[in-house]
Every structure is written in C-alpha cells, then in structure tokens.
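Q: Predicted model and sequence below, questions to follow.
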Amino acid sequence: MRLSETQKDQIINELKISAIRSSGPGGQNVNKVNTKIELRFDLNDTAVFSETQKQRLATKLKNRINLDGVIVLFESSERSQLKNKQQAVAKLIELIEKALTPVKRRVKTKPTISSKLKRLEKKKQHSTKKQLRQRPDL
C-alpha cells in the first residue's frame, strides 16, 4: 500500500528525532559531531492510521516495536546529520508501506502436459544411464 503525501507529512510531524554521537570510523568528525539519528514513532498515539492498520503494523513490525508501542530506528551510515535524518525517515516510511501491503494469495496451477512429458523423458534418460553403468549379466 502506498502512503499519500499527506499521510507521509503527518507521520513526519509526529516523529521524535534526536541526534547522538556516532561510532566507527570518521576521525575527529565522530568525536565532535552528533551525526547518528535516533528516530521514534509512537504507533499507539498516531492519528494517521485506523485501528486495524495499527494492529497490522504491530503484528508485522513486532520485532521493531518496543514495549511502549514505539518504533525506534537508528541511522548512522552517512557522515552528515541531515542525510542520516532523510535516510531514517525514508526507511520508516518504507517499513510502514511494506507492512501495510496485503500479501498476494498464490493461485494454484496444474503442470502442463509438456512439463509432464519432459519430466518422464528425463526419468527415462536417468534410468538408462544407471542401467548402462551396471555390470552385464554372464
């Protein structure tokens, strides 16, 4: 399910974003600048989704939701705070869209006649190969 631009804007308005010190390589930039982004989205208090959508999100994203019903994401791949913030928001929206997309039901199909014949022909070839390997009867 694709989210509309108004829904995306509402989600962005409800986000709690904080910057913290990032770890890893980066030299003095790591020691001085808070570039790692911690993004929090409270699923229980949001007005963007209906109750059924909230329940679906809670079941699909249960590994990313803490006990308070808050989705917490961290992003620290870039050296820029702004780029990390943009990536974190994009990741959250992608997670939500993926979780709200209904699963397509698999349509059962029967094997075609040609595929059955191919399978039988391969079986025959395999059995003749095995028979040729056997020691001849004396």
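A: Good, I have the coordinates. Keep in mind that what you see is a predicted model, and the values were worked out from it rather than measured.
Q: any weak-confidence spans in the protein?
A: 24-26 (pLDDT under 70).
Q: try 90 this time
A: Within the chain, the segments meeting pLDDT under 90 span 1-12, 20-35, 44-48, 76-81, 102-103, 135-138.
Q: Would you map the helices across it?
A: With DSSP state H as the criterion, the chain has helices at 5-14, 28-32, 51-60, 81-100, 113-133.
Q: among those, which is nearest Ile20?
A: Among the helices of the chain, the nearest to Ile20 by C-beta to C-beta is helix 81-100 (10.2 Å). All C-beta atoms are positioned from the backbone trio N, CA, C, and that covers glycine.
Q: Put together CSV for the helices of the chain, with distance to Gly69 on each row.
A: Listed next are the helices of the chain as CSV, based on distance: least, C-beta to C-beta, whole Å:
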stretch, distance to Gly69
helix 5-14, 13
helix 28-32, 32
helix 51-60, 7
helix 81-100, 14
helix 113-133, 49
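Q: Tell me which of these sits most buried.
A: helix 81-100 (a mean of 16; mean count of other C-beta atoms under 10 Å).
Q: which residues sit in contact with the residue most central in space within the chain?
A: Centroid check for the chain by C-alpha atoms, centre = their mean gives Leu95 as the closest residue, at 6.1 Å. In this structure, Leu95 makes contact with Leu61, Arg64, Ile71, Leu73, judged by C-beta atoms under 8 Å, 6 or more residues apart in numbering.
Q: The second one contacts Ile71, doesn't it?
A: Same thing as Arg64. Yes: in this structure Arg64 lies within contact range of Ile71 using C-beta atoms under 8 Å: 5.4 Å.
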